[in-house]
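Peer 1: next come a sequence and a model predicted from it.
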Amino acid sequence: MSYPQPPTPEEKPAEEKPAETELAEAKQRLRLPPIVVICGSTRFMTEMAEADLRETCAGRIVVKPGFDMKSPHGLRSDPVEADALKARLGDLHRSKIRLADEVLVVGPHVGDSTRAEITYARSLGKPVRFTHPEADPGA
C-alpha cells in the first residue's frame with residue numbers, strides 16, 4: 001500500500017517561482033472560487049456526498065475520491081490490476097490535494113491512508129478542516 005508523499009526533488013520546479021505559486025496566481029486571474037478536496041475513508045462515501053453538497057452550496061469547487069475501492073466492481077476483479085488501480089488513484093488523489101486550496105477530512109475515523117493525505121496536505125501548506133475535529137491526528 002502506498003501513501004501520499006511530499007513532492008520529490010524531480011517534481012519540484014527548479015525555476016525561481018514554484019509551480020504552486022504559478023497555480024495560485026492562475027486561479028486568481030481566472031477568478032476561480034476556492035477549491036476544496038475531500039479526503040477520508042471511502043467507507044464514508046455517503047458523508048462525502050453530503051459534504052460535497054454543503055461545500056458546493058457555499059460556493060466552493062469540490063473534488064473528491066471518484067471511486068470506492070471497498071465496494072465490489074469489475075475494475076477490481078483482477079488482484080494485480082486492482083493494486084495498480086489503487087496506486088494510480090492514490091497518485092491522482094495527491095494531484096487533487098496539490099490542486100486544492102484546502103482539504104476537508106470527512107468522517108469520525110482517520111486511518112493510515114487519510115493520515116498520510118493529511119500529512120501530505122500540511123507539508124504543502126494546505127489548510128485542513130475536519131467534519132469531526134476530534135479525528136484530527138495533529139490535535
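Peer 2: Yes, it's here.
Peer 1: next SSE after the helix ranked longest in the chain?
Peer 2: Using DSSP state H, we find that the single longest helix of the chain is helix 79-99. Proceeding N to C from helix 79-99, the next assigned helix or strand is strand 102-105, under DSSP states H and E.
Peer 1: average pLDDT across the longest helix of the chain?
Peer 2: Per-residue pLDDT values across helix 79-99 average out to 87.
Peer 1: next: stretch 111-124.
Peer 2: For stretch 111-124, the per-residue pLDDT averages 94.
Peer 1: please enumerate the strands of this protein.
Peer 2: 35-39, 61-63, 102-105, 128-130 (DSSP state E).
Peer 1: pick the most buried one from the ones you listed.
Peer 2: Of all those, strand 35-39 carries the top mean neighbour count, a mean of 24, counting by mean count of other CB atoms under 10 Å. (Glycine included, C-beta is placed from N, CA and C.)
Peer 1: for that strand, packing partners?
Peer 2: helix 45-57, strand 61-63, helix 79-99, strand 102-105, helix 112-123 (3 or more CB pairs under 8 Å, 6 or more residues apart in numbering; DSSP states H and E).
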